[in-house]
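Visitor: have a look at this prediction, sequence included:
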Amino acid sequence: MARRMMSRLGQWSSYVFAVDFDTNSDPIYFALASKQSERPQVFRNVLADEKCYSLHVQSDDKIERAKFYGGLKKKLSKELPPECTILEMSIFQPNVKDSVIKGYFLKDASKSSATERVLGELLRNDPVYVCSYLCGGEDRQWSQHLWSNTEDGWVEVLEKYCVVPAEKPVHHPSTLSIINYDVFYSFEDAYKVLQQCVDIIPESKAVLELVDQRLESKEKTDFPVIVIEGLDATGKTTLTESLTEALGATLLKSPPQCLSPWRARFDTEPPLIRRAFYALGNYLTAGQIGQEARQAPVIVDRYWHSTAAYAIATAVGGKLGNLPQAGSEVYGWPGDLLRPSLVLMLSLSSQERMRRLQVRGQDKTMEEEELEANHLFRQKVEEAYQRIEGPACITVDASPSPDQVLQQVLLLIREKCHL
Ligand SMILES: Nc1ncnc2c1ncn2[C@@H]1O[C@H](COP(=O)(O)OP(=O)(O)OP(=O)(O)O)[C@@H](O)[C@H]1O
Ligand SMILES: Nc1ccn([C@@H]2O[C@H](COP(=O)(O)O)[C@@H](O)[C@H]2O)c(=O)n1
């Protein structure tokens, strides 16, 4: 296993390592070299005398990688000593899509050998490779030592590399693997992921059978299709119901009702699988839209913007500025997904949204917990919503009363859709 990794790191000169020591600042970027660099020390100010390690998931099967990585942090948190800090880490080739290898960097302030024991077990049993980082010599330089397990189960240390500074890349590494890992831009790409999950997630078969029976959606619809978007508790359900009545429209939602039996199951899966599920939900809804928009206007509660915005905001680590720039291909609309006539995004102050959440009193999903706890995540979702094109969303102030919001939206629809 480690030998295979060596072949991968054998090209280490083209790889950069990124460690997120603080989500509010840039990662520490470093590379590996056969000899020390005269440039400033890499880990100065972030490491003292802790023992440091890294582990990365390595498998040619992206489902296996996603599944194992999805459970790895929980496993490490459970088995490592509490004094061991777990930091996000990635190895990547700058500007090379799909080159990211995700993993963790461990700062171990414990005095025990528990961490090495846990890492040795992982190396022997799982698709990972493990390295340790040592600081030595008069010049206090850091070096990376690759582990390999031997036939009799011991861990030996293979060649070492010098840790040297690397330039900050143009794009944050987390943006290099969004396409077809966090967001799917074609039916086929999403479908393939669930096909590969049939053996490990039996529910995938039932979802695929439903998707195989989906209605074909036309590019153009006879009646307008209006999508209502927004964070949780902004008033989408309230507005879509009143809009449906006011316009004599048909109300649909994504994911569609027929996927409800499996939604909670796929919500527990890593992004690769979960987002493929929601992407297929949009295609199912698109088929229903195409059929219903022959007879009447259609109102849709969440659609592509929700799927892409939450996935991008979840995938992109660190600062708000790490989001791909507006105009990036990640904000594009799938070429094979029905485009609505109008997308309205309900906007609300955090305070009012939290009030409405509390008044509603429903259980919060993990994502709602994250939105509530993590201001940075909420900013990324809202910013990603605004950058999605094809069509872009129009922001609507959702703070007035339900009826005032309804009247405001009816005016917009009449203006934009000539209804
Ligand atoms: N314009 C409004 N003014 C005050 N309260 C509102 C308004 N619209 C909705 N609410 C209330 O806010 C709460 C959330 O509304 P609603 O369920 O429609 O939001 P939502 O966006 O569909 O939420 P979620 O996406 O989490 O399902 C409900 O208690 C609802 O009665
Ligand atoms: N088209 C969609 C709709 C939803 N999602 C994901 O589900 C989350 C919660 O949706 P609720 O309607 O239950 O609030 C949402 O935050 C998205 O992560 C999606 O991806 N695509």
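Guide: Looks like it came in fine. Ligands and ions are numbered 1, 2, ... in the order given.

Visitor: do the longest helix anywhere in the chain and ligand 1 meet?
Guide: Scanning the chain for the longest helix, with DSSP state H as the assignment, gives helix 271-292. No - applying CB under 6 Å from any ligand atom, one finds helix 271-292 separated from ligand 1 by no less than 13.9 Å. All C-beta atoms are positioned from the backbone trio N, CA, C, and that covers glycine.

Visitor: what helices and strands are in contact with that helix?
Guide: helix 62-79, helix 187-195, helix 203-212, strand 250-253, helix 260-267, strand 298-301, helix 304-315 (3 or more CB pairs under 8 Å, 6 or more residues apart in numbering; DSSP states H and E).

Visitor: export these as TSV, with columns for mean neighbour count, mean pLDDT and distance to ligand 1.
Guide: Compiled in TSV, these are given as follows (neighbours: other CB atoms under 10 Å; pLDDT from 0 to 100; distance: least, CB to the nearest ligand atom, whole Å):
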stretch	mean neighbour count	mean pLDDT	distance to ligand 1
helix 62-79	16	93	24
helix 187-195	18	98	22
helix 203-212	16	98	22
strand 250-253	20	98	10
helix 260-267	14	97	13
strand 298-301	26	98	7
helix 304-315	25	98	9
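
Visitor: closest one to Glu329 among the ones you listed?
Guide: helix 304-315 (11.5 Å; CB to CB).

Visitor: give me phi/psi at Thr234?
Guide: phi -80, psi -10 (degrees, to the nearest 10).

Visitor: find the nearest non-adjacent residue to it, please.
Guide: For Thr234, ignoring the flanking residues on the chain, the nearest one in space by CB to CB, 6 or more residues apart in numbering is Leu346 at 3.9 Å.

Visitor: in the stretch 301-419 of the chain, what residue spans correspond to strands?
Guide: 342-347, 394-397 (DSSP state E, counting those that start in this stretch).

Visitor: looking at those, which is closest to Glu219?
Guide: Closest of those to Glu219 is strand 342-347, at 16.2 Å (criterion: CB to CB).

Visitor: partners of that closest one in the sheet?
Guide: According to DSSP bridges, strand 342-347 forms sheet pairs with strand 225-230 (parallel), strand 394-397 (parallel).

Visitor: if you compare these, which one is most tucked away?
Guide: Among those, strand 225-230 has the highest mean neighbour count (mean count of other CB atoms under 10 Å), at a mean of 26.

Visitor: can I get the strands paired with strand 342-347 in CSV with distance to Ile86 and mean pLDDT?
Guide: Shown next, in CSV, are those (distance: least, CB to CB, whole Å; pLDDT from 0 to 100):
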stretch, distance to Ile86, mean pLDDT
strand 225-230, 33, 98
strand 394-397, 38, 98
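
Visitor: contact partners for the residue nearest to Thr234?
Guide: 228-230, 234-236, 239, 396, 398, 405 (CB atoms under 8 Å, 6 or more residues apart in numbering).

Visitor: tell me the angle the longest helix of the chain makes with helix 260-267.
Guide: If you take axes from the mean of the first three to the mean of the last three CA atoms, to 10 degrees, helix 271-292 sits at 150 degrees to helix 260-267.

Visitor: keeping just the C-alphas, turn helix 271-292 into CSV.
Guide: Extracted C-alpha coordinates of helix 271-292, given in CSV (Å, rounded to 0.1, in the frame of the first residue of the first chain):
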residue,chain,number,x,y,z
PRO,A,271,-21.3,14.6,0.2
LEU,A,272,-20.4,12.6,-3.0
ILE,A,273,-23.4,10.3,-2.4
ARG,A,274,-25.8,12.7,-0.7
ARG,A,275,-25.4,15.3,-3.4
ALA,A,276,-25.9,12.8,-6.2
PHE,A,277,-29.2,11.8,-4.4
TYR,A,278,-30.4,15.4,-4.4
ALA,A,279,-29.2,16.0,-8.0
LEU,A,280,-31.3,13.0,-9.1
GLY,A,281,-34.2,14.5,-7.1
ASN,A,282,-34.0,17.6,-9.3
TYR,A,283,-34.3,15.6,-12.4
LEU,A,284,-37.3,13.7,-11.1
THR,A,285,-38.9,17.1,-10.2
ALA,A,286,-38.0,18.5,-13.7
GLY,A,287,-40.0,15.7,-15.3
GLN,A,288,-43.0,16.6,-13.1
ILE,A,289,-42.6,20.3,-13.9
GLY,A,290,-42.6,19.5,-17.7
GLN,A,291,-45.8,17.6,-17.4
GLU,A,292,-47.6,20.0,-15.0
